[in-house]
Structures are given as structure tokens and as C-alpha cells.
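In: would you be able to build a 3D model of this:
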Amino acid sequence: MTDSASIGSDEPVPFTIDDFAARLRRAADAAAAEGLDGLLVTPGPDLLYLTGYAPVAITERLTLLVVPVDGEPSLVVPKLERPDAEEAAGAVALRLLDWADGSDPYATAAPLLGSGRYAVSDSAWAMHLLGLQDALPRTSYAAMTAVLPMLRAIKDRDELARLAAAGAAADAAYGEILKVRFAGRSEREVAGDLAALLLRFGHSQVDFTVVGSGPNGANPHHEIGDRIIDDGDMVVLDFGGLKHGYGSDTTRTVHVGEPTDEERRVHDIVRHAQQTAFEAVRPGIACQEIDRAARAVIAEAGYGEYFIHRVGHGIGLTTHEPPYMVEGEEHLLRPGMCFSIEPGIYLPGRFGVRIEDIVTVEPDGGRRLNGTPHEMAIVE
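Out: Take a look at the predicted model:
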């Protein structure tokens with residue numbers, strides 16, 4: 001049996017004031033390189049990444065980190081949240097400004113901005129962006145992902161350690177789920193087992209537990225339902241969440257009882273496609289080449305029309321973030337990038353197969369952060 005205590009108890013190295021200061025400098029430099037005047041960061045993964053600050057609740061009250069390309073970063077917060085914000089601001093050497101209920105938060109933020117162009121967190125509330133536009137009509141804005149998609153893409157050593165720990169915990173959950181009974185139970189019941197295992201092996205948050213059995217597996221966005229899993233079903237298991245603040249995401253496709261020759265063949269094609277894409281990983285090639293490598297294998301085998309999604313997405317503080325392994329994405333792979341490789345074949349009304357690992361780019365190629373076997377597992 002896997003030792004859940006050892007997997008769940010490893011503590012990550014805390015991020016330091018120097019880590020956050022370096023991230024803020026890189027963010028300002030990246031904004032300057034894109035001709036921007038700075039970044040406007042609202043609660044969510046960007047704020048957490050740059051400051052370590054995660055407000056207790058994201059509400060209609062304005063919280064805004066202003067990172068100018070030149071000058072001192074400032075954090076604007078509601079007065080009632082100032083005590084929590086002071087702890088984060090002190091740890092990152094931010095200037096802190098607050099505003100009280102009944103006052104205009106945009107008037108507090110406006111002096112920190114000029115009449116320039118700023119990148120704004122994708123998660124910013126529209127009401128806040130419109131409020132800033134009213135206060136500063138000559139200032140313009142662009143979505144962070146559109147202008148600075150690689151802001152969080154390059155992981156440092158401590159981030160990679162957290163991602164590796166999350167991947168190992170997800171692997172441990174997979175090892176245990178193979179021991180439970182599938183036949184005669186609902187997808188929802190098996191998904192509940194998976195969620196409990198992720199928590200058992202150290203996840204603080206379960207984001208998804210996909211159990212797609214039989215024809216449900218042919219829908220890539222099927223999550224769970226009340227369908228009773230039967231002998232002879234192919235079952236897609238896709239699950240993940242957060243451990244130590246960083247994401248896991250892995251997929252394996254299992255079979256209840258002995259598979260048919262066709263099911264084995266389709267699974268082998270997907271396995272080959274996943275391996276081929278992994279072997280294509282190296283610094284300096286475009287993200288789209290990873291998608292192309294997997295897609296070519298599936299197309300050559302005659303199933304190209306049944307591979308209907310991109311081959312991968314970045315992962316870090318969230319389970320989906322840039323970079324994306326998709327046709328048209330020309331950003332170059334760099335050491336420290338982490339992303340999924342998850343090709344699939346989906347035969348409508350029949351079954352689906354998907355195999356997914358998280359991969360990080362190293363100077364000489366790629367390294368998997370998932371280590372469970374790719375061969376089809378037979379379950380009861």
C-alpha cells in the first residue's frame with residue numbers, strides 16, 4: 001500500500017521576499033519590453049504569484065496591485081482588509097494604500113497610474129476596469145494573457161518541486177483507484193473515491209475528477225454522471241487539484257475486464273502519440289510543434305478527425321494557464337515551462353481514450369512529472 005503519510009507530509013520551501021521581488025522586477029521588465037506602462041493585478045493567481053497575497057474573499061471591493069515599469073509597486077486595498085494586506089505588503093516591500101467604504105476606490109488608485117497602457121489580470125472584474133476607465137479616460141488596457149502570456153510560465157526550482165509533489169500525489173491516487181471495484185458502481189461513486197484519494201495524498205483542493213465510462217468517455221468534457229459502469233467499458237480517468245498551491249492533472253484510460261482488439265489498438269495509438277509528443281519536447285521549439293507531433297501519429301493511424309482538442313496546456317498556480325500546446329502557438333519552449341501532453345481519440349457513442357502527463361522542459365529535453373504506467377490497466 002502507498003504510504004499516504006509520507007506523500008502528504010512533505011513541506012515545500014517557502015517563497016521569500018527575494019523571490020517575490022525578483023518576480024515583480026521580471027513582470028515590470030516584461031511589461032516594458034511590450035511597450036506597456038505597467039501591470040494592474042487583481043486577486044487571483046497573478047496577485048498570488050507576484051506577492052503571495054490571497055485575499056480571504058474576492059468581492060466587489062477593489063483590490064489592485066499596480067506595478068509600474070519604473071517606480072515602486074503599490075497595493076490598493078479596502079480598509080477592512082488592510083491588516084491582512086499589511087502582512088503581505090511588508091513581506092514584499094509594497095507601498096500600501098487603502099480606501100474606506102463610501103469613498104471612491106478609483107480615486108485612490110488613479111494617482112498611481114498615468115495616461116498610458118496597462119496589462120490587466122484576466123480575472124479582473126469588469127466593474128473595476130470600467131471604474132478605472134471613468135477615472136482615467138486617457139488610459140488604455142490589455143488582457144494579461146494577450147500581452148504577457150508567459151508571465152508565470154517559467155517555473156523556478158521551488159515551483160517545480162511543488163509541481164513534482166503534486167504529480168506524485170496524483171500518481172499515488174491512481175495507484176489506489178485501480179484497486180477499487182468499477183463494475184456495478186456509478187461514475188459519481190468512483191469519482192468520489194478519486195477525490196478522497198487526492199485529499200489523502202496531500203491535496204488541499206480537488207479541482208476535477210472526470211470518470212467517463214463507455215460512450216461518456218467519447219466526450220472530452222464529460223465529467224461525471226449517474227451512469228453505472230459495466231463490464232466491457234473503457235473508462236477515462238482525468239483528475240487533479242492543488243497541493244502546496246500548485247496543480248496536478250493526469251489522465252489514464254482503464255478497461256473493465258478484457259478489452260477488444262480495437263480498443264487495444266486505439267489505446268496503443270494514443271500511447272504512441274503521447275510518447276512521440278514527449279520526445280519532441282526541447283528548448284527552442286514552438287509550442288505548436290508538440291501538438292503537431294501527437295496529431296501526426298493519430299492522423300496517420302486514420303483517427304485524425306477523432307482528436308478534437310489541443311494537446312496540452314500550461315499548469316502552475318492554476319491547472320490551466322499559458323503556454324498552450326496548440327496549432328498557431330509560436331512561443332518557444334524554455335527550461336522551466338510546465339504543461340500537459342494529453343492526446344486523445346473519441347469515437348462518438350462508443351468510447352474514448354486519453355493519456356496525460358505533466359511535463360517540464362529541461363535543457364536537454366523534457367521530464368515527466370507523472371510516472372504511472374501508460375499501458376492500459378485492467379480493472380474489475
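
In: what about the residue nearest the centre of the chain, which helix or strand?
Out: Centroid-nearest residue in the chain, with CA atoms, centre = their mean: residue 319, separated by 2.0 Å. In the assignment (DSSP states H and E), residue 319 maps to no helix and no strand.

In: give me the low-pLDDT residue ranges for the stretch 1-150 of the chain?
Out: Confidence mapping of the stretch 1-150 of the chain against pLDDT under 70 gives the ranges 1-10, 57-58, 89-91.

In: please enumerate the strands of it.
Out: 38-41, 64-68, 74-78, 95-99, 117-120, 140-143 (DSSP state E, counting those that start in this stretch).

In: please identify the most buried of those.
Out: strand 38-41 (a mean of 26; mean count of other CB atoms under 10 Å). To be clear about C-beta, it is placed using only N, CA and C from the backbone, and glycine gets the same treatment.

In: note down every partner strand of it and its orientation.
Out: Strand 38-41 has its sheet partners listed here by DSSP bridges as strand 64-68 (antiparallel), strand 117-120 (parallel).

In: rewinding a little: leaving out chain neighbours, which residue sits closest to the residue nearest to the centre of the chain?
Out: Closest residue to residue 319 apart from its sequence neighbours, by CB to CB, 6 or more residues apart in numbering: residue 247 at 4.1 Å.

In: what about that neighbour, how many residues close to it?
Out: 27 (other CB atoms under 10 Å).

In: for it, give the beta-bridge partners.
Out: Beta-bridge pairing of residue 247 under DSSP bridges involves residue 242.

In: quick check, it in contact with residue 314.
Out: No. Applying CB atoms under 8 Å, one finds residue 247 not in contact with residue 314, separated by 9.6 Å.

In: residue 264 belongs to a helix?
Out: Yes. If the criterion is DSSP: H, G, I helix; E, B strand; the rest coil, then residue 264 is within a helix.

In: isn't it up against residue 378?
Out: No. Counting by CB under 8 Å, residue 264 does not reach residue 378; the two are 10.9 Å apart.

In: can you put the strands of the stretch 1-150 of the chain in JSON lines and add distance to residue 25?
Out: Compiled in JSON lines, the strands of the stretch 1-150 of the chain are given as follows (distance: least, CB to CB, whole Å):
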{"stretch": "strand 38-41", "distance to residue 25": "12"}
{"stretch": "strand 64-68", "distance to residue 25": "9"}
{"stretch": "strand 74-78", "distance to residue 25": "15"}
{"stretch": "strand 95-99", "distance to residue 25": "16"}
{"stretch": "strand 117-120", "distance to residue 25": "15"}
{"stretch": "strand 140-143", "distance to residue 25": "21"}
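
In: walk me through the domains of this protein.
Out: The chain breaks down into these domains under automatic domain parsing: 17-147, 157-379.

In: report the buried residues of stretch 210-227.
Out: 210-218, 220, 222, 224, 227 (16 or more other CB atoms under 10 Å).

In: from those residues, which two are the most distant?
Out: Distance extremes for the buried residues of stretch 210-227: the farthest pair is 220 and 227 at 16.3 Å, using CB to CB.

In: pLDDT score for the closest residue to residue 216 other than its chain neighbours?
Out: Once flanking residues are discounted, residue 216 sits nearest to residue 222: 4.7 Å by CB to CB, 6+ apart. Note on residue 222: pLDDT of 93.

In: just to check, residue 222 is in contact with residue 212?
Out: Yes. The pair residue 222 and residue 212 passes the contact test of CB under 8 Å, sitting 4.5 Å apart.

In: joint contacts of the two?
Out: Here residue 222 and residue 212 have residue 236 as joint contacts, going by CB atoms under 8 Å, 6 or more residues apart in numbering.

In: re the thing from before, among the domains of the chain, which is nearest residue 11?
Out: Nearest of the domains of the chain to residue 11, taken as CB to CB: domain 157-379 at 7.9 Å.

In: which residues in the stretch 101-250 of the chain form helices?
Out: 105-109, 126-135, 144-147, 157-177, 187-200 (DSSP state H, counting those that start in this stretch).

In: residue 81: which of those is closest?
Out: For the helices of the stretch 101-250 of the chain, the distance to residue 81 is smallest for helix 105-109, at 11.8 Å, taking CB to CB.

In: what residues does the closest one touch?
Out: 61-62, 64, 66, 76, 78, 97-99, 131-132, 134-135.

In: again, but for stretch 150-164
Out: Residues outside stretch 150-164 that contact it (CB under 8 Å, 6+ apart): 12-13, 15, 19, 27, 30, 45-46, 49, 144, 243-248, 314-317, 321-323, 331, 334-338, 358, 360, 369.

In: list only those of these flagged as buried.
Out: 15, 19, 27, 30, 45-46, 49, 144, 243-248, 314-317, 321-323, 336-338, 358, 360, 369.

In: got the contact list for residue 226?
Out: Residues near residue 226 by CB under 8 Å, 6+ apart: 186, 187, 188.

In: which one of those residues has the most neighbours?
Out: residue 187 (26 neighbours).

In: excluding its backbone neighbours, what's nearest that one?
Out: residue 211 (4.1 Å).

In: same question for residue 308.
Out: Once flanking residues are discounted, residue 308 sits nearest to residue 346: 6.2 Å by CB to CB, 6+ apart.

In: quick check, the one you found in contact with residue 220.
Out: Yes. Residue 346 lies in contact with residue 220 (CB under 8 Å); the separation is 6.1 Å.

In: what touches both of the two?
Out: Contacts common to residue 346 and residue 220, judged by CB under 8 Å, 6+ apart, are 308, 352.
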